[in-house]
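Q: Quick one: sequence plus predicted model below, questions after.
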Amino acid sequence: MKLRTGRTVEAGVIEPHNLLLNIYGRMYIILQIPNDPVRAEMETVDKRKVRGDRARANIVQHATQIASLEGLEGLTFGRIAASAGVARGNIQVLFGDRTALQLATIENGVALYTETVVVPAMALSSPLARLAALVEGWFSFVEQRTLPGGCLIHALSNEYRTRPGEIRDRVEHHRLEARRRIVDLLREARQAEELRAGVDVEELAFELTSFQSSANVAALMGETDQFELARRASRQRLAAASKTNK
C-alpha cells in the first residue's frame, strides 16, 4: 500500500482500528509510530509530575501535623525529612525554600478544615443552619484531633501575632476569612428573618470566635470542662439569637 508521503506499508501490518473512512469513501491511514521519542518524553515528564505531586503531598501532610503542635517555626527540612521519610534534598527541590514549605503547610491545613467542616456546613439549606453546623463542626474538628494541635489558624495567629511578614499576612487572611464567613451567614440569617430583632451581628460573630479561641487553648491544655463550656456557650448564644427559639 502506497502512502501520499511515499512510504510503503506492508499489507496486514495496520490494525483495523487505525483505518478511517471519510464520507467520500477514501481510506486514510493513521500510523502508530513505535518508540516515538516525543511521546516517550511526555510520558516520562507526566510520571515525574505524578511522583512529584505525591511526594509534595506527603511532605506537606507531615508538615501540617507538626506545625499544628510545634508551630511553623518548628518546621525545618531536616525535621520534615525525618518525619516523612524522604531525603532532605528532595524537599528543597520540591519547595525551594523554608518559607514556601511553611506557606504550603498553611494552605494544606486550611484545605483540610474546609473539606471536613466548611463544605458540609455550607451545603445546608438555611443560613442559621449553616452557621450552627459550622460552629459545631469547628468544635468537633478540634475535639477529634483531626489535627493534633487543634485549629491551625488559631495556633498560628498566636505564633505570628508580633512577626510581620508574608506568613503573618497569610495567617491573617485566613483568620479574617473565617470571621467574615460567620458575619456573612449572620447577615443572611437576618435577611431571611431567622434572627431576633436587635441582634448585633458583629458582636455575636466576635463572641463566637472568642469562644473558639479559648476552646482551642483549653483542648491543648486538657481542660475538657473549659472546652465544653465554650461549646455550650456558643450553642446558647446562637439559640438566643434565633427567632424560632421560645
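A: Structure received. Bear in mind that the values here come from a model prediction, so they are computed numbers and not experimental data.
Q: Identify the residue nearest A215 in space, chain neighbours excluded?
A: A230 (3.7 Å; Cβ to Cβ, 6 or more residues apart in numbering). Bear in mind the C-beta positions are built from the backbone N, C-alpha and C, glycine included.
Q: Remind me which helix or strand that neighbour belongs to.
A: Here A230 sits within helix 224-241, counting by DSSP states H and E.
Q: Going by neighbour count, list what's buried in that helix.
A: 227, 230-231, 233-234, 237-238, 241 (16 or more other Cβ atoms under 10 Å).
Q: Likewise for stretch 140-154?
A: Those buried within stretch 140-154 under the rule 16+ other Cβ under 10 Å are 141-142, 146-147, 149-154.
Q: Can you list which of those are found in helices?
A: Among those, the residues falling in helices (DSSP state H) are 141-142, 152-154.
Q: which of these lies closest to H62?
A: L152 (13.9 Å; Cβ to Cβ).
Q: pretty sure that closest one is in contact with Y113, am I right?
A: Yes. Counting by Cβ atoms under 8 Å, Y113 is a contact partner of L152 at 7.3 Å.
Q: Tell me which stretches of the protein form helices.
A: Ranges of helices in the chain, per DSSP H, are 37-70, 77-84, 88-95, 98-113, 119-122, 127-143, 152-160, 166-191, 201-220, 224-241.
Q: Same list, those helices, but as TSV with mean pLDDT please.
A: TSV is the format used below for the helices of the chain (pLDDT from 0 to 100):
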stretch	mean pLDDT
helix 37-70	81
helix 77-84	93
helix 88-95	93
helix 98-113	97
helix 119-122	98
helix 127-143	98
helix 152-160	95
helix 166-191	98
helix 201-220	97
helix 224-241	98
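Q: and the most centrally placed residue in the chain, how far is that from S83?
A: The chain has A111 as the residue nearest its centroid, 1.4 Å off, counting by Cα atoms, centre = their mean. According to Cβ to Cβ, to the nearest Å, A111 and S83 sit 19 Å apart.
Q: for V183, same thing?
A: Per Cβ to Cβ, V183 is found 37 Å from S83.
Q: Check the contact between the residue nearest to A215 and F211; I expect there is one.
A: Yes. A230 is within contact range of F211, at 4.3 Å (criterion: Cβ under 8 Å).
Q: This structure - how does it break down into domains?
A: 1-34, 100-241 (automatic domain parsing).
Q: To R51, which of the ones you listed lies closest?
A: With Cβ to Cβ as the yardstick, what comes closest out of these is domain 100-241 (17.3 Å).
Q: ok so, going back, just the residues contacting the helix holding A230, thanks.
A: 128, 131-132, 135-136, 139, 142-143, 186, 195-196, 199, 204, 207-208, 211-212, 214-215, 218-219, 245 (Cβ atoms under 8 Å, 6 or more residues apart in numbering).
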